[in-house]
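> What follows is a predicted protein model with its sequence.
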Amino acid sequence: MSVEARGWPIRRRLALLAAVETVLLVAALIAGGVALHSLTAARTHLLDVIAPQRLAAIQLSTALLNQESGVRGYQLGRQPAFLVPYTDGVRSQGDAVTQLRQLGAAPGTQIGDDLDAVLRAAAAWQDAAAPTIAPAAPPVTAAQVERGRTLFVDVRTALDTQLDHLTAMRDAGRSELNAAARFLNAMFVAVAVLVLLLFAMLFFGLRQVVTRPILRLAGEVRRVADADVRHPVHGSGPREIAQLGADVEAMRQRILDEVAELERAHAMLDRRTQEAEQSNAMLDRRTRELERSNADLEQFAYVASHDLQEPLRKVASFCQLLQRRYQGLLDERGEQYIEYAVDGAKRMQVLINDLLAFSRVGRKPGEHVVTDAGALVDEATANLEVALSLSGGKVSRGDLPEVRVEPALMTAVFQNLIGNALKFRGEAPPEVRVTAERDGDDWVFSVVDNGIGIDAEYAERVFALFQRLHTRTAYPGTGIGLALCRRIVEYHGGRIWLDTEAADTTFRFTLPAREAPAHLAPAHDNEETA
């Protein structure tokens, strides 16, 4: 029997079923959309037009009643303070009328005609009351009081009519809203019934056309998988199931071919495993050699720095002894030569110490602990107390987070950055501000000062070893401080840069945030001032 004689394929059956159900669902959804639109329009009209109109009408009624109370109180007591409710009511009346006009109380509409009637009655009453509340008006007469009462009754009548019409409009809007809600609920029920019908048709159709042929095919596949891998597999039923059976049979043949290939691969894998073990042994040996080399380099750095500093100390000491012993006996040039020798020896000692500190970052890692960054800034500021006193500067900080760092190294970063701000100062006393803000998984620290600044073209050069932008006579130093800061920050998993777009000199660096939300130090503005 040919494949076409077996009837429609599964794809065509499902396509027909999906088309019919889609038409029904689209029709139901369109009707539901219309109902939802009607519901939204009714709700919007009720909440955004009718309800604000009633509130404005009540505000207008309250304003007119306050005016009437103020007029009556002034007529009886003749005290200017009694007119405050009247003046406030006039202002509230204007606000309420403006709001009603904006909400659709235009002439020719029901609410507009009601508002015009209220305003006409209110204007008549206000015109009659105006002479009685004038500053130099004579005492009010009984006739004036009676006329005012009569005119205000007309105002009340107009207000009641307006509120009755607005109440009727509100009730009509509620009825429309309820009708739209009922229609929308009916559409939801219709959609739910259609979905359930689709599921039922799919269940019984798939059971007859798909499930039974697949179960037969699955039985043959289990037979192959459990016992007889050489048993052929044949699919039956719709053409898709038959094609699936053919694919399974092709896969069975391919598995048989790959089993033989796998056996050959196992033999090759055994050989490669032996080679990998030999390679791992060589890698371990090279790792141990590298660790030993690093230890030797660390020992060499210590010995070199110690052996270099000892003769430098002797040179500096003897030069100072010569300076003290023969001060006044040598000419000016001789004393200048001695000063050059002492200064050179001292700068060499500072340079060796800075190089040793730079080389040790990361070589002997200390314990990373959770530390309040504010305390580190305070410690760095305390270390710079003499420089602060001499420069007349001040250091302030915002709320700083807790970070996981080596406290000694991170204190050195803050001390270098703040020290540079005090060193490269302008004419005004230096002011340094340290802040931090969260940026994703990092904390971004900022050290801002009002110093002489750095040109953008040197933004990267300042972090290189021995890079100086000024002569030693202008500003002392070895040119290692910022390089040390970069090494420490990168050792902690962050990065440091000069913000060339900031108005003041601004160095920023990042540190990874703790896994839990960082606890900020108590809000304060800590300052160290000369």
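Structure's in. What do you need?
> For the rest of this, base every contact and every neighbour count on C-alpha atoms.
Noted.
> any weak-confidence spans in the stretch 301-450 of the chain?
301-314, 335-337, 339-340, 342-366 (pLDDT under 70).
> residue ranges of the strands in it, please?
Assigned by DSSP state E, counting those that start in this stretch, the strands in the stretch 301-450 of the chain fall at 369-372, 394-397, 402-405, 431-439, 442-449.
> closest to R120 out of these?
Ranking those by distance to R120, with CA to CA as the measure, places strand 431-439 first at 63.0 Å.
> buried sites along that closest one?
431-436 (16 or more other CA atoms under 10 Å).
> Direction included, what does it pair up with?
As defined by DSSP bridges, the strand partners of strand 431-439 come to strand 394-397 (parallel), strand 442-449 (antiparallel).
> Redo those as CSV? Include distance to V34 and mean neighbour count.
As requested, those are arranged in CSV below (distance: least, CA to CA, whole Å; neighbours: other CA atoms under 10 Å):
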stretch, distance to V34, mean neighbour count
strand 394-397, 61, 21
strand 442-449, 51, 21
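> Which parts of this structure are helices?
With helices called from DSSP state H, the chain shows them at 10-45, 51-77, 84-102, 110-129, 142-206, 212-226, 239-325, 332-360, 373-383, 385-391, 407-423, 481-491.
> Throw the ones you listed into JSON lines and include mean neighbour count and distance to L511, thanks.
Putting the helices of the chain into JSON lines (neighbours: other CA atoms under 10 Å; distance: least, CA to CA, whole Å) gives the following:
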{"stretch": "helix 10-45", "mean neighbour count": "16", "distance to L511": "51"}
{"stretch": "helix 51-77", "mean neighbour count": "20", "distance to L511": "54"}
{"stretch": "helix 84-102", "mean neighbour count": "18", "distance to L511": "56"}
{"stretch": "helix 110-129", "mean neighbour count": "19", "distance to L511": "66"}
{"stretch": "helix 142-206", "mean neighbour count": "16", "distance to L511": "54"}
{"stretch": "helix 212-226", "mean neighbour count": "15", "distance to L511": "57"}
{"stretch": "helix 239-325", "mean neighbour count": "14", "distance to L511": "27"}
{"stretch": "helix 332-360", "mean neighbour count": "16", "distance to L511": "19"}
{"stretch": "helix 373-383", "mean neighbour count": "20", "distance to L511": "11"}
{"stretch": "helix 385-391", "mean neighbour count": "15", "distance to L511": "26"}
{"stretch": "helix 407-423", "mean neighbour count": "21", "distance to L511": "10"}
{"stretch": "helix 481-491", "mean neighbour count": "20", "distance to L511": "7"}
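> weakest of those by average pLDDT?
Ranked on mean pLDDT, the bottom entry among the helices of the chain is helix 332-360, at a mean of 63.
> Give me the most central residue, this protein.
The centroid of the chain falls nearest to G440 when counting by CA atoms, centre = their mean (7.5 Å).
> what about that one, distance to P512?
Distance, G440 to P512, by CA to CA, to the nearest Å: 9 Å.
> Likewise for T500?
In this structure, T500 and P512 are 23 Å apart, going by CA to CA.
> do E289 as well
32 Å.
> Could you export stretch 495-510 as CSV, CA atoms only?
Coordinates of each C-alpha in stretch 495-510 appear next as CSV, following Å, rounded to 0.1, in the frame of the first residue of the first chain:
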residue,chain,number,x,y,z
ARG,A,495,41.8,48.6,38.2
ILE,A,496,42.9,52.2,38.7
TRP,A,497,42.8,55.1,36.3
LEU,A,498,42.9,58.9,36.0
ASP,A,499,39.5,60.4,35.2
THR,A,500,40.4,62.9,32.5
GLU,A,501,36.8,64.2,32.2
ALA,A,502,36.5,65.3,35.8
ALA,A,503,36.9,69.0,36.6
ASP,A,504,39.4,68.5,39.4
THR,A,505,42.2,66.0,39.6
THR,A,506,40.4,62.7,40.1
PHE,A,507,41.9,59.2,40.6
ARG,A,508,39.4,56.3,40.6
PHE,A,509,39.9,52.6,41.3
THR,A,510,37.7,49.6,41.8
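> What residues sit buried inside it?
The neighbour-count criterion (16+ other CA under 10 Å) identifies 495-500, 504-510 as the buried residues of stretch 495-510.
> Just give me the least confident of those residues.
Comparing the buried residues of stretch 495-510 by pLDDT, T500 comes last, at 79.
> Give me the phi and psi angles of that one.
Dihedral angles of T500 (phi, psi; degrees, to the nearest 10) stand at phi -80, psi -10.
> Against L55, how distant is H45?
From H45 over to L55 the distance is 14 Å, taken as CA to CA.
> ditto for V84
Between V84 and L55 the computed distance is 23 Å (CA to CA).
> Return the residues in contact with V191.
With contacts defined as CA atoms under 8 Å, 6 or more residues apart in numbering, V191 is in contact with 25, 28-29.
> Just send the residues you listed back as TSV, with distance to E220 too.
Conversion of the contacts of V191 to TSV gives the following (distance: CA to CA, whole Å):
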residue	distance to E220
L25	40
A28	45
L29	45
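> between these, which is closest to G398?
Ranked by distance to G398 (CA to CA), the contacts of V191 are led by L29 at 57.5 Å.
> Quick one: residues contacting the closest one.
Shown here is L29, whose contacts under the criterion CA under 8 Å, 6+ apart are 187, 191.
> I111 too?
Taking CA under 8 Å, 6+ apart as the contact definition, I111 lies against 104-105, 162, 165-166.
> could the residues you listed be laid out in JSON lines, adding distance to A412?
JSON lines is the format used below for these (distance: CA to CA, whole Å):
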{"residue": "G104", "distance to A412": "71"}
{"residue": "A105", "distance to A412": "73"}
{"residue": "Q162", "distance to A412": "78"}
{"residue": "H165", "distance to A412": "79"}
{"residue": "L166", "distance to A412": "75"}
